[in-house]
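Chemist: kindly generate the corresponding structure for this input.
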Amino acid sequence: MDDLDAGLLVQEYPAPRRSLRVAFVSETYPPEVNGVAMTLAHLVQGLHARNHDVQLVRPRQAKADASGTSERFHEVLMRGLPVPRYPSLRMGVPSKRALVRLWSFHRPDIVHIATEGPLGWSALKACEHLKLPVTSDFRTNFHAYSQHYGVGWLRKPIMAYLRKFHNATQRTFVPTPKLLEDLSGCGFKGLRVVSRGVDTALFHPDKRDADLRRQWGVKGEGLAVVCVGRLAPEKNLDLLMKAFDALATQMPSARLILVGDGPMRLQLQSRRRDVHFAGQRSGEDLARHVASGDLFLFPSKTETFGNVVTEALSSAVPVIAFDHAAAAQLVRTNVNGWRVPLENDKAFVDATIQAAMDHERLTRWGQEARKSVLSLDWNSIVAQFEGELREVLMPAEPALAVAHARAVPSSLLQ
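Modeler: Next up is the predicted model:
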């Protein structure tokens, strides 16, 4: 065999990339229903499917929960407490000593912290103690939420805590370039954009359900306006109701469907009797609810991304939203929806009415909506995330490879 043939063989059979040992730490995970849990699940399961050794550290969600290795990955369940005002959600408790013990015996190559609560802080301190590489996510605007719960004075201290937390990690991932710009201006370092994907097979226009629409009270070609999210003050639901009130005066047959639950549900139910409260939905059931709408309203101004925007677009449902987070990147006015200036509430109401009154335009926008998110598949997002982790580890890769080789039985090396 000549040198040329040998070179071709080397290119044809490249050495496989070494798998990573990645520990994820999060205060939330499915079956809890929220954007952080859903996104993290895709990353965890995606890395596991790419043959990486994945460990998930999270609070125990129910008595039936049990730590152990499943077909998915290794889960370590910690003690947790109910989140105030959201008893269905759990938060972790300080656990540095337990994490140091865990990772001393089963040392990961890298730790990724998805939430900044007590469990996340404990993980950060454990990584510092063990000198483990660590990355983090900035996924929730807790500092922005404070003004909606009567503790606006906490905004600066919360931001200071978040800055200290994330600057102690080697890299912090954010979902949009605008958020990166905003956080950079607040002194955050090591920021990288890793967007979020959407399950275009699950959120599909074929999930539109005529029977479900009839249950909502929508007749024939009547208009169903859908909003999906937590029923809480930070979601700007007063503006949502204002927009629908204005629409209902001109289109009395229109129906508003709220998908989700939260502390504002009773208040909203007492305000209007013609609004359908669908409660919390997930999976195929959620996909049916989204696809069965004609127009999707997203009034929130506090999101870091807003997964429901991509889910609506993927379902061929036009979106009315502010020029913020995911909508700023994906919603194009008079193409797949309507994007309005962030501080212009009146423009949101006006856009809702104008869009709703033109059925042909909504149909056209819906067709374009689906096309606009087809490239946001989770496989490419997971591959980008994996690349970022490898880049953090790059200086340590040779030493890690030696450590993994020592773990191979000597009989296999003979």
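Chemist: now for the one helix or strand residue 288 maps to, which elements pack on it?
Modeler: Following DSSP states H and E, one finds residue 288 within helix 283-291. In terms of contacts (3 or more Cβ pairs under 8 Å, 6 or more residues apart in numbering; DSSP states H and E), helix 283-291 is packed against strand 224-228, strand 255-259, helix 307-314. For glycine as for every other residue, the C-beta is placed from the backbone atoms N, C-alpha and C.
Chemist: contacts for the second one, please.
Modeler: This points to strand 255-259. Strand 255-259 has contacts (Cβ atoms under 8 Å, 6 or more residues apart in numbering) with 216-218, 222-229, 231, 240, 244, 268, 272, 274-281, 286, 289-290, 293.
Chemist: any stretches of the stretch 51-200 of the chain with poor pLDDT?
Modeler: Along the stretch 51-200 of the chain, the parts satisfying pLDDT under 70 run over 62-72, 82-91, 140-155.
Chemist: let's see 80
Modeler: Scanning the stretch 51-200 of the chain for pLDDT under 80 picks out 61-73, 80-92, 139-155.
Chemist: got it, and the stretch 251-400 of the chain?
Modeler: Ranges of the stretch 251-400 of the chain meeting pLDDT under 80: 271-274, 395-400.
Chemist: how about the strands in it?
Modeler: 255-259, 275-279, 295-298, 319-322, 337-340 (DSSP state E, counting those that start in this stretch).
Chemist: what pairs with the third one, and is each one parallel or antiparallel?
Modeler: Okay, so that is strand 295-298. strand 224-228 (parallel), strand 319-322 (parallel) (DSSP bridges).
Chemist: go on, the first one?
Modeler: Strand 255-259 has the following strand partners under DSSP bridges: strand 224-228 (parallel), strand 275-279 (parallel).
Chemist: could you identify which of these is most buried?
Modeler: Highest mean neighbour count among the strands paired with strand 255-259 (mean count of other Cβ atoms under 10 Å): strand 224-228, with a mean of 25.
Chemist: rounded mean pLDDT for that strand, please.
Modeler: Here strand 224-228 scores 97 as its mean pLDDT.
Chemist: pretty sure residue 44 contacts residue 73?
Modeler: Yes: assessed by Cβ atoms under 8 Å, residue 44 is found in contact with residue 73 at 6.4 Å.
Chemist: okay, and the common contacts of those two?
Modeler: 54, 56.
Chemist: ok, those two, which is more surrounded?
Modeler: Counting neighbours by other Cβ atoms under 10 Å for residue 44 and for residue 73 shows that residue 44 has the greater number, 26 against 18.
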